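Visitor: Sequence plus the predicted model coming up.
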Amino acid sequence: MLTQIIVEGIINGSIIALVAIGIALIWGVMGLLCFAQGEFLMIGMYTAFFLHQYLGLDPLFSLPICALVLFVFGIAIYNLMVRRVLTGPQLSQRLLTFGLSMMLCNLALMFFKGDYRTIRDTELLFSGSISVGELSIGINKLIPLGVCLLLTLTLYLILNMTKFGKAIQAVSMDKEAASLMGIDSDRCYALAFGLSCGITGAAGCILTYYYYVFPSVGVTFQLFGFIAVALGGFGSIVGAFFGGVIMGLVDTGAGFAFNSAFKYLFVCVAYVLIVTFKPNGLFGK
């Protein structure tokens, strides 16, 4: 049973980790705390759901489409809104993303109503379960775990092994010095914001493998994403990933050991305890 809880916790935490990575990327590069990350996840989920409903695409195959749609959407949001407030007070920046969150959530409610939608297991390309002894794991949860690990590794390699990634890191360290070296900081900001949205959209797409789709689905993942970023250390991609996994483990373990209505209490207790002794997070500097 303990092994079952750990596996389920890691699977749930992997989605939180991707949301947290998106938040950490925007904060690390732009110093912007984005409150709309949960809604980007929601858009990715609806995109995957409708691609399945009308075109018959399995979420695994619609993943590149969802990631591209959210990447373009993120760049558009940056150019139309975010870039205009970056020189203003931090409160204005945060209220902008909070307002964007409310707008996207209510637009989804207006167009798609409050209905809970889901893709049935029988309609998925991969379904059933794998049993190892007494441990039973649904394939519809293993696939998202594998995709999340692959996306995290891909983003890590992009940021650390490519010229584009190194340019983003240079801008995050010193924008003026990077500009003097010929790096277009505004372009890096736009691509980083788009990349963050694309990663979160991909997480939403693969989440439809086992989770319901509804307008406010991103709220809980957004909250857990912020907690995961704080646990791992703001701006740390690796920290955001492990922070998400910790959140998943605490959430699943507390839900099993106690009444599931109190599981969020234990998530918050874990957060308070860790940041009390490690104010900068586990991987923060």
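Guide: Sure thing, it's come through.

Visitor: same question for the longest helix anywhere in the chain, mean pLDDT?
Guide: Longest helix in the chain by number of residues, with DSSP state H as the criterion: helix 2-30. Helix 2-30 comes out with an average pLDDT of 85.

Visitor: do the same with stretch 162-173
Guide: Confidence for stretch 162-173, expressed as mean pLDDT, is 87.

Visitor: returning to what we had before: mind giving me the packing neighbours of the longest helix of the chain?
Guide: Taking 3 or more Cβ pairs under 8 Å, 6 or more residues apart in numbering; DSSP states H and E as contact, the helices and strands that helix 2-30 lies on are helix 37-55, strand 135-138, helix 139-161, helix 163-173, helix 185-207, helix 218-232, helix 237-257. For glycine as for every other residue, the C-beta is placed from the backbone atoms N, C-alpha and C.

Visitor: Redo those as a markdown table? Include mean neighbour count.
Guide: A markdown table is the format used below for the helices and strands packed on helix 2-30 (neighbours: other Cβ atoms under 10 Å):
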| stretch | mean neighbour count |
| --- | --- |
| helix 37-55 | 23 |
| strand 135-138 | 14 |
| helix 139-161 | 17 |
| helix 163-173 | 17 |
| helix 185-207 | 26 |
| helix 218-232 | 25 |
| helix 237-257 | 23 |
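
Visitor: wait, which of those is closest to Thr87?
Guide: For the helices and strands packed on helix 2-30, distance to Thr87 was read as Cβ to Cβ. The smallest value, 11.4 Å, belongs to helix 185-207.

Visitor: Mean confidence (pLDDT) on that closest one, please.
Guide: Mean pLDDT, helix 185-207: 92.

Visitor: Only the C-alpha atoms, please, for that helix, written as CSV.
Guide: The C-alpha atoms that make up helix 185-207 are tabulated as CSV, following Å, rounded to 0.1, in the frame of the first residue of the first chain:
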residue,chain,number,x,y,z
SER,A,185,15.9,40.9,-24.1
ASP,A,186,12.4,41.6,-25.3
ARG,A,187,12.5,38.7,-27.7
CYS,A,188,13.8,36.4,-24.9
TYR,A,189,11.0,37.6,-22.6
ALA,A,190,8.4,36.8,-25.3
LEU,A,191,9.9,33.3,-26.1
ALA,A,192,10.3,32.5,-22.4
PHE,A,193,6.6,33.4,-21.7
GLY,A,194,5.5,31.4,-24.7
LEU,A,195,7.6,28.5,-23.6
SER,A,196,6.1,28.6,-20.2
CYS,A,197,2.6,28.6,-21.6
GLY,A,198,3.5,25.8,-24.0
ILE,A,199,4.8,23.6,-21.2
THR,A,200,1.7,24.2,-19.1
GLY,A,201,-0.6,23.6,-22.1
ALA,A,202,1.1,20.3,-22.7
ALA,A,203,0.6,19.4,-19.0
GLY,A,204,-3.1,20.2,-19.4
CYS,A,205,-3.3,18.1,-22.6
ILE,A,206,-1.9,15.0,-21.0
LEU,A,207,-3.9,15.6,-17.8
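
Visitor: name the helices or strands packed onto it?
Guide: When contacts are defined as 3+ Cβ pairs under 8 Å, 6+ apart, helix 185-207 sits against helix 2-30, helix 37-55, helix 59-77, helix 83-85, helix 139-161, helix 163-173, helix 175-180.

Visitor: need those helices in a markdown table with distance to Ala192, can you?
Guide: Listed next are those as a markdown table, based on distance: least, Cβ to Cβ, whole Å:
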| stretch | distance to Ala192 |
| --- | --- |
| helix 2-30 | 4 |
| helix 37-55 | 13 |
| helix 59-77 | 9 |
| helix 83-85 | 12 |
| helix 139-161 | 9 |
| helix 163-173 | 5 |
| helix 175-180 | 12 |
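
Visitor: Tell me which of those helices lies nearest to Tyr271.
Guide: Smallest distance to Tyr271 across the helices and strands packed on helix 185-207 (Cβ to Cβ): 12.5 Å, for helix 2-30.

Visitor: Next, the angle from that closest one to helix 237-257.
Guide: Angle of helix 2-30 versus helix 237-257, following axes from the mean of the first three to the mean of the last three Cα atoms, to 10 degrees, is 140 degrees.

Visitor: start at 286 instead
Guide: From this message on, residue numbering opens at 286, which makes the last subject helix 287-315.

Visitor: for helix 287-315, which positions count as buried?
Guide: Within helix 287-315, the residues that count as buried by 16 or more other Cβ atoms under 10 Å are 290, 292-315.
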